[in-house]
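Student: Give me coordinates for this.
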Amino acid sequence: MAKRKVSALQGYPRREGSYLADDSLFPPPKKPLSQQQLNEAIRRAFERSLLSKSGDIAKLPQTPQELVNLCIKHLRERSDPVLSPSFLSQCRVEEIFELDAVSHEMQRQRMKIGVFYQYLVIELMRHRFPATVDGKKEGDVESDVDTPGFAKGLRLYISVKKSGDTVGGQDVEDMIRRIEKMAKEDKNLTRPYLGVACVATPPRGKITAYDKSRAIKHNIEGHPYSPNCEVWTPGFIFPYITGLPTTDVYKRGLEEVNKYLPFHALAQREACAVLLAAELKNLNLVDINTGRIHPEKFQAWITQTAKGKGTKEDAITDTADIE
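Tutor: Reported below is the predicted structural model:
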């Protein structure tokens, strides 16, 4: 097996006995971000997180009928053919909407909030470091930052991740290589670079101290994946770019989130539960004896052989022949 080539050290001061950049390079701003600036960054981040790749805002289901239609689509297309029929047959039909649609809605919003954090770091950084631009991929940030005592300054190549789960395991080496590749391929690089995997939420529910919230990731042999790439967690990243406690940023986000990521299925779950139960009965998926989902009928419903181009009529077939 070929030995992986280790990246040459970038020429910036390092913490003694460590590959980490020296702490003196990253002082918090002398003047914290104003509330107006924080509000603007949060608003912009939420607005950007809702845009599609074409720049449009996707219309989400809101009415009970729209929510039930989405739930039926999700049940049909995402159910496991063995586990789901067994699980659903043990539930009251009126419980299915909340068990499926509300949890599905939460998952959709978790994905959106992950995008929100990516844009939040970008928008916050722009207030402190004007030379901040969106990177080549969603969630990437490039920024030239001044560094006290080191006149050259640094160019940061940042990849923002929602949680520590995405900055560990088997993918960590590929992620760090990708970050460093961005720097090495930048023909306009005029200063030393530092790659950063930024974690936006507290790993294991803990916000560590400012000077403890940067790290170098190592492989199982104890060698750094790259001596020029660090992991920054919330105890460092938010105070560094805003001068505010990390919890202040989260609190302000909490005050705004429902305007942009509302839980329609949760709010209307009672009306939707009744409507979905009626729809499932109309689809002949409910056992007339038990009043619950008939597991074999449900299994047949989600494992049909595709017909032609898949017309709307093909999507719902008769399950009356299943006893």
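
Student: Can you name every helix or strand that the helix or strand harbouring Gln299 contacts?
Tutor: Assigned by DSSP states H and E, Gln299 belongs to helix 295-301. In terms of contacts (3 or more C-beta pairs under 8 Å, 6 or more residues apart in numbering; DSSP states H and E), helix 295-301 is packed against helix 83-88. Placement of C-beta: from N, CA and C, glycine included.

Student: For the helix it packs on, buried residues please.
Tutor: Residues of helix 83-88 classed as buried: Ser84, Pro85, Phe87, Leu88 (neighbour count, 16 or more other C-beta atoms under 10 Å).

Student: re earlier: roughly how far is the helix holding Gln299 from the heart of the chain?
Tutor: 34 Å (C-alpha atoms, centre = their mean, to the nearest Å).

Student: for stretch 117-135, same thing?
Tutor: Relative to its chain's centre, stretch 117-135 lies at 17 Å (C-alpha atoms, centre = their mean).

Student: hang on, the earlier thing: save the buried residues of helix 83-88 as TSV, and put in distance to Ala197 too.
Tutor: Below are these laid out as TSV (distance: C-beta to C-beta, whole Å):
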residue	distance to Ala197
Ser84	36
Pro85	41
Phe87	37
Leu88	40
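
Student: Break down the protein into its helices, ranges please.
Tutor: 35-49, 64-78, 83-88, 96-97, 103-128, 172-184, 234-242, 246-260, 264-267, 269-282, 295-301, 312-315 (DSSP state H).

Student: So for the shortest one, mean pLDDT?
Tutor: Averaging pLDDT along helix 96-97 gives 97.

Student: Low-confidence stretches in the stretch 151-300 of the chain?
Tutor: 166-170 (pLDDT under 70).

Student: Just send the buried residues of helix 83-88 back as TSV, with distance to Pro227 and pLDDT too.
Tutor: Listed next are those as TSV, based on distance: C-beta to C-beta, whole Å; pLDDT from 0 to 100:
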residue	distance to Pro227	pLDDT
Ser84	48	97
Pro85	53	97
Phe87	49	97
Leu88	52	97
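
Student: between those residues, which is nearest Arg177?
Tutor: Of all the buried residues of helix 83-88, Ser84 has the smallest distance to Arg177: 38.3 Å, by C-beta to C-beta.

Student: The closest one against Pro295, yeah?
Tutor: No. Ser84 lies out of contact with Pro295 (C-beta atoms under 8 Å); the separation is 9.0 Å.

Student: pLDDT score assigned to the most centrally placed residue in the chain?
Tutor: What sits nearest the mean C-alpha location of the chain, by C-alpha atoms, centre = their mean, is Gly114, with 2.6 Å. With respect to pLDDT, Gly114 scores 93.

Student: CA atoms only: put the helix holding Gln299 into PDB for me.
Tutor: Below are the C-alpha coordinates for helix 295-301, written out as PDB (Å, rounded to 0.1, in the frame of the first residue of the first chain):
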ATOM      1  CA  PRO A 295     -49.900  -6.000   7.400                       C
ATOM      2  CA  GLU A 296     -50.100  -8.100   4.200                       C
ATOM      3  CA  LYS A 297     -52.200  -5.500   2.400                       C
ATOM      4  CA  PHE A 298     -49.800  -2.700   3.400                       C
ATOM      5  CA  GLN A 299     -46.800  -4.800   2.300                       C
ATOM      6  CA  ALA A 300     -48.400  -5.400  -1.100                       C
ATOM      7  CA  TRP A 301     -49.200  -1.700  -1.500                       C
END
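
Student: can you pull the buried residues of that helix?
Tutor: Burial within helix 295-301, assessed by neighbour count using 16+ other C-beta under 10 Å, is assigned to Pro295, Lys297, Phe298, Gln299, Ala300, Trp301.

Student: Pull the contacting residues for the first one.
Tutor: For Pro295, the contacting residues are Pro85, Ser86, Leu88, Ser89, by C-beta atoms under 8 Å, 6 or more residues apart in numbering.

Student: Relative to Arg78, how far out is the second one?
Tutor: Relative to Arg78, Ser86 is positioned 16 Å away (C-beta to C-beta, to the nearest Å).

Student: thinking again about what came up before, of the helices of the chain, which approaches Pro202 most closely?
Tutor: Closest among the helices of the chain, using C-beta to C-beta: helix 234-242, at 5.5 Å.

Student: now what about that closest one, what contacts it?
Tutor: 26, 28-29, 32-33, 38, 121, 124-125, 127-129, 198-202, 207-210, 212-214, 232, 244-246, 248-249.
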